[in-house]
Structure formats: C-alpha cells, structure tokens
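Asks: build the 3D model from these lines:
(2 chains)
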Amino acid sequence: MKPSFSEVITAETFESFRKGTQTESLGVPLTFATRFRQSEFSLLDDLKIDLRQLLHSEQTYFYHEPIRVGDLVEIDTQVTDNKTKAGMQFVTLETSLRVHGVKKITSQSKMVIRQTGEMKK
Amino acid sequence: MNVQVGQELIPLKKGPITVEQLRLYAEVSGDFNPIHLDPQFAQEAGYPSVIAHGMLSMAFLADGIRKHFPEANFQVEQFSARFKKVTFPGDVLTIRCKVKAIELSGAITLQVWAENQKSEVTTQGECQVKPLAAGGAMC
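Replies: Residues are numbered from 1 along each chain as shown, chains lettered A, B, ... in the order given. The predicted model follows:
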C-alpha cells in the first residue's frame, strides 16, 4: 500500500476539474476522485510498469458519502489483484478517499499491461 | 419527467476532442501519462497519435448522467465504465443513456455509453442512481 497523502478540497479544485472535463451539470463531478490518481501512478512506477504497455480497461466508483468543499481528504491506494494470463498482466488498484477516517469514495481501477514486464511486489 | 425501463434519454454531444483539451485534462486529473500528450511516445506504443484519457470519456458519461439525474435530486451509489476503444483528437462523442431497470425502492439502473462519429461504442458504463427524497420528481 502506498503511504496516504491528503489534500484539502477547495471550490477552485472542483471548478478546475469541471473545466478540464467540460462538465456542464452542477455539483461534484462523478469522476472527481480521479484527481487523486497520482498515488496510483506512483504505485505503477514502483511496479516498474511500462506506461506504453498500459491499458486502463475498467473503472468503478462506489460512493459512500458526499465530499464537500473544505474536506481534508486522505487518499491511499493498494494493489488488490495482480495476475498474469496469456502473456498479459492484469492489475487492480483500489484507492480509498476518507475524511476524518470515514470512507467517502472507493475507486477501483483495472489495468491491463500488454507485455509482462519485470515486476517487484 | 418520469422515466421508464427501456427509455433512451436525450443524448449529449462532446467534442471534437482536441490536443489542448488533453493537456488541460492532464493538469486537472494528474494523469500525465505521455501516451496522452507526446505523439512520439504514443507512436512507440502503436498508436497513430496521442489518445484521449479513458477517464475523460468517463467524465463525459458522468455529465450525461447528471444532466438527467442532477445532484440536487439524485444520489449516485455506483458508477462503472469499461474502455472498449481508444478515442483520438478530432473524434466527436455522443453520450447516450438508457434506463435498464427501476426497483420498487425507486433506485434506477442506467446503461450509459459513448459512441464516436463512426457509431463505434468507445466506452460503456452502468450507474445506479436513487432519488434523494421519497416521491421526488424524476428529472
């Protein structure tokens, strides 16, 4: 598991994400949690995964509680599945967003690495 | 309006996707994978040009959902997407949304997908939404 990091959500954070995703509807964009994927990329780097071979195949969000402006969000990511099949590697990463210890959003990212590279766990 | 199982909602158009848009998305999402930003890197990966972030397409699906089921009236419990085909700069996406099921509790399961200008499904998703108040009006 990657060490947690945290970030305070501001109105500007939401607004810049809305602008970057051309979101027209009001409220918190449903994929806002993707803003915190740097821990996933850090983990992929630790796993020595070549980004040229990486395909993001599937993404799921579970929304437990709403997040709001002013929340101090704590983020941690872990590998929940990692297997090789037919020369391809399948990795599932799970990122949790918590506020004061209460889980707000769970993000599950499934990745396919087209050629199995050297990995360290 | 009330929705019924099988009903397809008014689609939403997004694009054409631009290289500048991918740069902006990288900044706000923190996804600086060069496959989305560096043409040479993308070509080394086997693509003719940079490719759009899959999560940008998912954000478009999200916008399509929220246009019909706004945050003020509906809680989203789960939202998933599978990335089936890559999207390139210049592509235009149509976001479509169809009611798959309605539970007695009022919870609604939606099928959502993005189609490019060739009518190819690039991203396919599913979402569970629930009215915030009992008897709340359906968008």
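Asks: can you pull out the helices in chain B?
Replies: B:19-29, B:39-44, B:54-68 (DSSP state H).
Asks: list, one by one, the residues from chain B near chain A.
Replies: B:14, B:21, B:24-25, B:27-35, B:41, B:44-45, B:54-56, B:58-60, B:62-63, B:65-67, B:70-72, B:75-83 (C-beta under 8 Å from any C-beta of the partner chain). C-beta coordinates here come from the backbone N, C-alpha and C atoms, glycine included.
Asks: which regions of chain A lie under the pLDDT threshold?
Replies: A:1-3, A:116-121 (pLDDT under 70).
Asks: can you map out the strands along chain B?
Replies: Taking DSSP state E as the test, the strands found in chain B are B:12-14, B:74-83, B:93-102, B:108-115, B:121-131.
Asks: wait, I meant chain A
Replies: Going by DSSP E, chain A shows strands at A:5-8, A:54-63, A:72-85, A:88-99, A:102-113.
Asks: so can I have CSV of these showing distance to B:Pro89 and mean neighbour count?
Replies: Putting these into CSV (distance: least, C-beta to C-beta, whole Å; neighbours: other C-beta atoms under 10 Å in any protein chain shown) gives the following:
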stretch, distance to B:Pro89, mean neighbour count
strand A:5-8, 30, 13
strand A:54-63, 18, 19
strand A:72-85, 29, 15
strand A:88-99, 27, 20
strand A:102-113, 23, 18
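Asks: spatially central residue for chain B, please.
Replies: B:Leu61 (1.7 Å; C-alpha atoms, centre = their mean).
Asks: residue numbers of chain A in contact with chain B?
Replies: Going by C-beta under 8 Å from any C-beta, the residues of chain A near chain B are A:16-17, A:19-31, A:34-38, A:41, A:51-63.
Asks: need the contact list for A:Glu74.
Replies: Shown in contact with A:Glu74 (C-beta atoms under 8 Å, 6 or more residues apart in numbering or on different chains): A:4-6, A:97-99, A:101.
Asks: could you single out the nearest of the residues you listed to B:Glu103?
Replies: Relative to B:Glu103, the closest of those is A:Leu97; by C-beta to C-beta it sits at 26.8 Å.
Asks: what's across from that closest one in the sheet?
Replies: A:Ile75, A:Ile105 (DSSP bridges).
Asks: how near is it to A:Arg37?
Replies: 11 Å (C-beta to C-beta, to the nearest Å).
Asks: ok, now B:Glu44?
Replies: Taking C-beta to C-beta, one finds B:Glu44 at 23 Å from A:Arg37.
Asks: between the two, who's got more neighbours?
Replies: Using other C-beta atoms under 10 Å in any protein chain shown, the more surrounded residue of B:Glu44 and A:Arg37 is A:Arg37, with 23 against 12.
Asks: now do the contacts for the residue most central in space within chain A.
Replies: Residue closest to the average C-alpha location in chain A (C-alpha atoms, centre = their mean): A:Arg37, at 3.9 Å. Contacts for A:Arg37 (C-beta under 8 Å, 6+ apart) come out as A:95, A:109, B:29-31, B:55.
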